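Novice: sequence and computational prediction follow.
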Amino acid sequence: YFGNIGLHPFFMTFERLFVFMLLVLLFSGADRTFSLRMLLQKRSFFAWDSIPVLPQRFIALQLSATYFGVGWQKMALPDWQHGEILIHSLTGRWATPLAFFIAGLNLPLPFYDASLFLLKFFQFLLPVGLWIKRWQWLFFIGGAIFHVAIASLISMWWFLIMVPAYITFIEPESVYQHLKKWFPAIV
């Protein structure tokens, strides 16, 4: 039903991500962790059963591939070689009032050229940085700022799903230890 109604005309990147995550989560056993199933079976929302980490890794790999593909595309496409594309984005059909305000500042073109270079550099490093434990938190923050900026400047809010999905790059045991500190009821 969802495919027939919404996906047949375009099937954009975010729609592919949503469907991929849905399919992985459907078969992952995720309902055995912090779920209604555990509440009904073991009388505690905080109860959990061990589940395989492979589905989590599939989602993390898909996020990395998405960032890598989009970053590579921006490196190669002619329109993404100069900062004018950012000006057009800030004044286009999807632009928000904040974007129009920024565009109205009449910042010089070298500012947009430098911004585009930094954007492409960050987006190219992001799929690697998300995997490096030592620097992960910087890329989590940078990715969150990146997606919030996109949502607030050009109304592309659906990619905000990427930010909570960053948890797939963290070892489950580490997440468990943090949750146990914050919620002592977790067994």
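Specialist: Perfect, I can see it now.

Novice: hey, which helix is longest across the protein?
Specialist: helix 54-76 (DSSP state H).

Novice: what's it packed up against?
Specialist: helix 13-26, helix 109-129, helix 162-165 (3 or more CB pairs under 8 Å, 6 or more residues apart in numbering; DSSP states H and E). Yep, even glycine has a C-beta here, placed from its N, CA and C like the rest.

Novice: contacting residues around the second one?
Specialist: Applying CB atoms under 8 Å, 6 or more residues apart in numbering, the external contacts of helix 109-129 come out as 63-65, 67-68, 70-72, 74-75, 80, 82-87, 135-136, 138-139, 142-143, 146.

Novice: give me the distance between Phe117 and Ile186.
Specialist: The gap separating Phe117 from Ile186 is 45 Å, by CB to CB, to the nearest Å.

Novice: please read the previous query as pertaining to Ala30.
Specialist: 16 Å.

Novice: shouldn't Trp158 be in contact with His147?
Specialist: No: if you go by CB atoms under 8 Å, Trp158 and His147 don't touch, sitting 9.9 Å apart.

Novice: for Pro184, helix, strand, or coil?
Specialist: Secondary structure assignment for Pro184 (DSSP: H, G, I helix; E, B strand; the rest coil): coil.

Novice: for the closest residue to Thr91 other than its chain neighbours, what are phi and psi?
Specialist: Leaving out its chain neighbours, the residue that sits closest to Thr91 by CB to CB, 6 or more residues apart in numbering is Ala103, at 4.9 Å. As for Ala103, its main-chain torsions (degrees, to the nearest 10) stand at phi -60, psi -30.

Novice: now do the contacts for Ile150.
Specialist: 156, 159.

Novice: any buried residues in the host helix or strand of it, and which?
Specialist: Ile150 belongs to helix 136-154 when assigned by DSSP states H and E. Judged by neighbour count (16 or more other CB atoms under 10 Å), helix 136-154 contains these buried residues: 139-140, 142-143, 146-147, 150-151, 153-154.

Novice: quick one, what contacts the nearest residue to Pro55 once chain neighbours are set aside?
Specialist: Among residues not flanking Pro55 along the chain, Ser28 sits closest, at 3.5 Å (CB to CB, 6+ apart). Applying CB under 8 Å, 6+ apart to Ser28 gives the contacts 51-52, 55-56.

Novice: by neighbour count, which of those residues wins?
Specialist: The most neighbours of any of the contacts of Ser28, using other CB atoms under 10 Å, belong to Gln56, which has 22 neighbours.

Novice: so that residue makes contact with Pro172?
Specialist: Yes: using CB under 8 Å, Gln56 is in contact with Pro172, at 6.9 Å.

Novice: with just CA atoms, put stretch 116-131 into PDB.
Specialist: Coordinates of each C-alpha in stretch 116-131 appear next as PDB, following Å, rounded to 0.1, in the frame of the first residue of the first chain:
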ATOM      1  CA  LEU A 116      30.300  24.600  -0.300                       C
ATOM      2  CA  PHE A 117      33.900  23.400   0.000                       C
ATOM      3  CA  LEU A 118      33.500  22.800   3.700                       C
ATOM      4  CA  LEU A 119      30.100  21.100   3.200                       C
ATOM      5  CA  LYS A 120      31.500  18.700   0.600                       C
ATOM      6  CA  PHE A 121      34.600  18.000   2.700                       C
ATOM      7  CA  PHE A 122      32.500  17.200   5.700                       C
ATOM      8  CA  GLN A 123      30.000  15.100   3.800                       C
ATOM      9  CA  PHE A 124      32.800  13.200   2.300                       C
ATOM     10  CA  LEU A 125      34.500  12.500   5.700                       C
ATOM     11  CA  LEU A 126      31.200  11.800   7.500                       C
ATOM     12  CA  PRO A 127      30.800   8.100   6.400                       C
ATOM     13  CA  VAL A 128      34.300   7.300   7.700                       C
ATOM     14  CA  GLY A 129      34.200   9.500  10.800                       C
ATOM     15  CA  LEU A 130      31.000   7.800  12.100                       C
ATOM     16  CA  TRP A 131      32.900   4.500  12.400                       C
END
